[in-house]
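Chemist: below is the structure, and that's it, no one-letter string:
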């Protein structure tokens, strides 16, 4: 609470110390700060209106994709990052904690350093960063909190970006997510600090990114007896026995990222105007992208829990398992841009990528002499890349198709072809149909090749995994409708079996998915519904909920001549019963279990959101149906219940000067 009060005081001083009013009360509440064109002309600093342009570079610099910074009040109450990405998840109940999406087609892309895959939502990496151009400095402050002493949950997120010159922007971001946990030994923290910058002037375009992600997760192995959750009405969450009762067991990670991208434009410049921006384009450009990444994951036990872990191979008194990784990636491309006059003439590119990975870990353990061996394992690959694209926002038919083939190194023979085609159905492009497809052959991640830990040892020679995926969707923004179907065929799928050991199946795994999103409106009442249907052809290998639902229902109204914007309602999260994975702390991975199903339990949250000028404020009671009987089958992972009910509140405040 002291933190929260200090932040409010700081934000208030920031406003009151300004001579000018930065608020525009006539701007609709959800349209403030949208992308707009920027002028590079000299403008006096006083009374400069705030405009910002935000974008990302697709395909490592091939073309810009405009990405509006989220300014909506709607959804602010759902600040758990994993539920912003997926409507249904298997996780450890705490925020933050490792997770696995229950919606197969939205699962995270496998990370080069595999242990990061299950915590990807808590990382900030170069591909997540937005590039900015702003007329005035922009600061965003978020502070969300809940719980009381000993069970607090907090999120602090601070951005600051500003233009140093009209063509040069720089920014910083700091985010901290921390939780004491509602059950024993669940304390967790994930945080990152980032520096980023972009420069665009005449023929030169540069972008820079540097950051570090860190995290610490205390491990409790799940509850010892599920009857405490399902049947008991008297036991407090913090007193329920857990499998790992010692408070000195934890997983820790560190991820460091550096990226530098340079572009040089070739040919005669031409000015192009789009609905949101005016910019200069050139016939061609050359790109170089340099990326370096360092990773570390450490598992620690102060004393061994012999009754939980079936095997202890190396040290019977304590555990320190460490694996590190470095990734170096250099890519070059030559791009022929889309023609600004002939809208349907595509852009094309070709290039070379070189990737090198270095792993350091235990490589062997001799059980007779009790000696450990450590070593480096190196992997590399040289890729040919090429693509064709037409992403002009003024045309009705757009596409982006790319391919890469590894011709040298450990990954020789690996390939990936992916892309999309999209056809607008109206002149204003408010409705469209879109198809996405991917076909790839990828060597199994090195994490599955060899691992030597105190409780887990394996060495495998798995075949490369072949994946064929396709999906199509119909989107109508005017009717607020989206309908889609998708199919994924995976050959030689790799998974963790019921003993938490990696296995590869010879069966073809097929996952069928259909989904619908519809936002209904009746006056000031809104009913936003999302539903997914899934079917796995190999339920013994991959179990998924047949139906997953997110129902977002609220009343919304502007008051006091738009000075106050109010939204209040109820959120419902639900999925049908299925064999949700269990979780193994020693490897920080989810694994198959077939002992009991979880699901068929709706989680209800009630909320009140307010917007007052540039500030969004919310209050919500999460898992309010817990208050009805204080027990129930509300497990997420097999041995991990979600948190009991909790009151939460928070603020998001934007400053434009």
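Modeler: Cool, the structure landed. Keep in mind that this is a model prediction, so the values were computed, not measured.
Chemist: quick check: residue 475 vs residue 534, distance?
Modeler: The gap separating residue 475 from residue 534 is 20 Å, by CB to CB, to the nearest Å. Bear in mind the C-beta positions are built from the backbone N, C-alpha and C, glycine included.
Chemist: oh sorry, the question was meant for residue 372
Modeler: 43 Å.
Chemist: residue 475 and residue 534: who's more crowded?
Modeler: Between residue 475 and residue 534, counted using other CB atoms under 10 Å, the more crowded position is residue 534 (24 against 18).
Chemist: list the residues that contact that one.
Modeler: Going by CB atoms under 8 Å, 6 or more residues apart in numbering, residue 534 touches 103, 104, 511, 512, 513, 544, 545, 546, 547, 548.
Chemist: check contacts around the last one.
Modeler: I take that to be residue 548. Residue 548 makes contact with 87, 88, 102, 103, 531, 532, 534, 574, 575, 576 under the criterion CB under 8 Å, 6+ apart.
Chemist: pull the number of nearby residues for the first one.
Modeler: Here the neighbour count serves as a burial measure; for residue 87 (other CB under 10 Å) it reads 24.
Chemist: do the same with the third one
Modeler: Here the neighbour count serves as a burial measure; for residue 102 (other CB under 10 Å) it reads 25.
Chemist: which residues sit in contact with it?
Modeler: 86, 88, 89, 90, 544, 545, 548, 575, 578, 580.
Chemist: where does the stretch 101-250 of the chain have low pLDDT?
Modeler: Within the stretch 101-250 of the chain, the ranges that satisfy pLDDT under 70 run 233.
Chemist: scratch that, the chain
Modeler: Residues of the chain that meet the criterion pLDDT under 70 lie in 1-46, 233, 274-277, 367-371.
Chemist: one more time with 80
Modeler: In the predicted model of the chain, residues 1-48, 71, 232-234, 272-279, 363-374, 393-394, 630, 657 satisfy pLDDT under 80.
Chemist: in space, not sequence, find me the middle residue of it.
Modeler: Compute the mean C-alpha point of the chain, and by CA atoms, centre = their mean the closest residue is residue 121, 3.4 Å away.
Chemist: tell me the secondary structure at that residue.
Modeler: Following DSSP: H, G, I helix; E, B strand; the rest coil, we place residue 121 in the helix state.
Chemist: my guess is residue 654 contacts residue 614. True?
Modeler: Yes - between residue 654 and residue 614 there is a contact under CB atoms under 8 Å: 4.7 Å.
Chemist: please enumerate the strands of the stretch 151-300 of the chain.
Modeler: 153-165, 168-179, 188-201, 204-218, 249-266, 270-273, 278-281, 284-301 (DSSP state E, counting those that start in this stretch).
Chemist: neighbouring strands - and their directions - for the third one?
Modeler: With DSSP bridges as the criterion, the sheet partners recorded for strand 188-201 are strand 168-179 (antiparallel), strand 204-218 (antiparallel).
Chemist: re earlier: nearest residue to the residue nearest to the centre of the chain other than its sequence neighbours?
Modeler: residue 81 (4.3 Å; CB to CB, 6 or more residues apart in numbering).
Chemist: quick one: that neighbour from residue 128, how far?
Modeler: Residue 81 is 11 Å from residue 128, by CB to CB.
Chemist: returning to what we had before: could you count how many residues lie near the residue nearest to residue 121?
Modeler: Applying other CB under 10 Å, we find 19 residues neighbouring residue 81.
Chemist: buried ones in stretch 138-148?
Modeler: For stretch 138-148, the neighbour count (16 or more other CB atoms under 10 Å) marks 138, 139, 140, 141, 142, 143, 144, 145, 146, 147 as buried.
Chemist: what's the closest of the residues you listed to residue 261?
Modeler: residue 138 (22.2 Å; CB to CB).
Chemist: list the contacts of that closest one.
Modeler: By CB under 8 Å, 6+ apart, residue 138 lies in contact with 33, 50, 52, 132, 159, 160, 161, 162, 654, 655, 656.
Chemist: before we move on, the earlier item: reformat the strands of the stretch 151-300 of the chain as CSV; add mean neighbour count and distance to residue 641.
Modeler: Listed next are these as CSV, based on neighbours: other CB atoms under 10 Å; distance: least, CB to CB, whole Å:
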stretch, mean neighbour count, distance to residue 641
strand 153-165, 18, 16
strand 168-179, 19, 15
strand 188-201, 19, 16
strand 204-218, 20, 16
strand 249-266, 19, 19
strand 270-273, 12, 55
strand 278-281, 14, 52
strand 284-301, 19, 23
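Chemist: could I get those as CSV with distance to residue 452?
Modeler: Formatted as CSV, the strands of the stretch 151-300 of the chain follow (distance: least, CB to CB, whole Å):
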stretch, distance to residue 452
strand 153-165, 36
strand 168-179, 31
strand 188-201, 26
strand 204-218, 22
strand 249-266, 17
strand 270-273, 56
strand 278-281, 53
strand 284-301, 12
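Chemist: which among those is found nearest to residue 493?
Modeler: Taking those one by one with CB to CB, strand 284-301 is closest: 23.5 Å.
Chemist: which secondary structure elements does the closest one contact?
Modeler: strand 249-266, strand 319-336 (3 or more CB pairs under 8 Å, 6 or more residues apart in numbering; DSSP states H and E).
Chemist: repeat that with 10 Å
Modeler: If you count contacts as 3 or more CB pairs under 10 Å, 6 or more residues apart in numbering; DSSP states H and E, strand 284-301 packs onto strand 204-218, strand 249-266, strand 319-336, strand 347-366.
Chemist: now the one helix or strand residue 555 maps to, how far from the centre of its chain.
Modeler: Using DSSP states H and E, residue 555 sits within strand 547-559. Distance of strand 547-559 from the chain centroid (CA atoms, centre = their mean, to the nearest Å) equals 23 Å.
Chemist: do the same with stretch 115-135
Modeler: Relative to the chain's own centre, stretch 115-135 is displaced by 8 Å; criterion: CA atoms, centre = their mean.
Chemist: and stretch 247-255, by the same measure?
Modeler: Distance, stretch centre to chain centre, for stretch 247-255: 20 Å (CA atoms, centre = their mean).
Chemist: please name the nearest non-neighbouring residue to residue 493.
Modeler: residue 509 (4.5 Å).
Chemist: neighbours around the one you found, how many?
Modeler: Every residue meeting other CB under 10 Å relative to residue 509 is counted, giving 19.
Chemist: now residue 306
Modeler: Residues contacting residue 306 under the criterion other CB under 10 Å number 10.
Chemist: who does residue 509 bridge with?
Modeler: For residue 509, the beta-bridge partners are residue 490 (DSSP bridges).
Chemist: hmm, I typed the wrong one, I wanted residue 518.
Modeler: residue 481, residue 529.
Chemist: OK, contacts around it?
Modeler: Contacts for residue 518 were tallied using CB atoms under 10 Å, 6 or more residues apart in numbering; they are 476, 479, 480, 481, 482, 483, 527, 528, 529, 530, 531.
Chemist: ok, now residue 100?
Modeler: 82, 86, 89-91, 107-108, 117-118, 580-581, 583, 589-590, 636-637.
Chemist: roughly how far apart are it and residue 495?
Modeler: Here the criterion is CB to CB. By it, residue 100 lies 11 Å from residue 495.
Chemist: which residues are in contact with each of these two?
Modeler: What both residue 100 and residue 495 touch, as defined by CB under 10 Å, 6+ apart, is the set 581, 590.
Chemist: ok, now which ones touch the nearest residue to residue 242 once chain neighbours are set aside?
Modeler: Nearest non-adjacent residue to residue 242, counting by CB to CB, 6+ apart: residue 220, 4.0 Å away. Residue 220 makes contact with 92, 94, 181, 183-187, 240-247, 249, 585, 639-640 under the criterion CB under 10 Å, 6+ apart.
Chemist: just the buried members of the residues you listed?
Modeler: 92, 94, 181, 183-187, 240, 242-244, 246, 249, 585, 639-640.
Chemist: need the helices for the chain, in chain order.
Modeler: Remark: helices assigned in the chain by DSSP state H are 2-16, 81-85, 227-230, 626-629.
Chemist: and the nearest residue to residue 330 once chain neighbours are set aside, how far is that from residue 411?
Modeler: Counting by CB to CB, 6+ apart, the nearest residue to residue 330 once its immediate chain neighbours are dropped is residue 354, at 5.0 Å. For residue 354, the distance to residue 411 (CB to CB) stands at 11 Å.
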